[in-house]
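**Student:** Provided below are the primary sequence and the corresponding predicted coordinates.
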Amino acid sequence: MSLQAVKAVELGRGVTAAQSPGSQVHDAIAYAGDEQLSLDAQSFTKFTREHNNAGGIEGGISNGEDLVIRGYLKPISTLRRPLASVSFETREATKASYERSDVCVVPAAGVAAEAMVALTVARCVIEKFGGDSLRELERNFQGYCAQIKSF
């Protein structure tokens, strides 16, 4: 929400989930052994979810599923038909001047939002795995992966 046009952020089914019965939202946990995983499966621990209603985050912690984040944007602020306004000099009613009008901010907002999510995830990775160098961070991450795989 640090992007100016974003007025709301949703993780997973967020708003829809809040309006749904729990029986339609819960992501049951399952375990898929090697024989059950498809060739393209990316499950790191073989724990799986039938759905990803939580958007990859539960209780502020990654559950290993893909992150699903939606940002809701406010409408563009300039219009071809100016809004009613008041002149600061005369204090009389006037029309706001038309200077420019964006047709659609979604492409630019998508790029900016993706970058913001990437920076946030990178900050979390540094916080979790730390280190004074990329090599040390990678070593810490690989150790964590080995620990998780042996669980």
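**Tutor:** Done, it's in. Numbers count the residues shown, from 1 in each chain.
**Student:** So Ile126 is in contact with Leu137, correct?
**Tutor:** Yes. Taking contacts as C-beta atoms under 8 Å, Ile126 lies within contact range of Leu137: 7.0 Å. In short, each C-beta sits where N, CA and C put it, glycine included.
**Student:** between those two, which one's more packed in?
**Tutor:** Higher neighbour count among Ile126 and Leu137: Leu137, with 16 against 11, using other C-beta atoms under 10 Å.
**Student:** show me what contacts that one?
**Tutor:** Applying C-beta atoms under 8 Å, 6 or more residues apart in numbering to Leu137 gives the contacts Val125, Ile126, Phe129, Gly130, Gly131.
**Student:** For the helix or strand containing it, list every residue counted as buried.
**Tutor:** Following DSSP states H and E, one finds Leu137 within helix 134-149. Buried positions in helix 134-149, judged by neighbour count with 16 or more other C-beta atoms under 10 Å: Leu137.
**Student:** quick one: the most centrally placed residue in the chain from Lys149, how far?
**Tutor:** Among the residues of the chain, Ile69 comes closest to the average C-alpha position under C-alpha atoms, centre = their mean, at 2.9 Å. Ile69 sits 27 Å away from Lys149, going by C-beta to C-beta, to the nearest Å.
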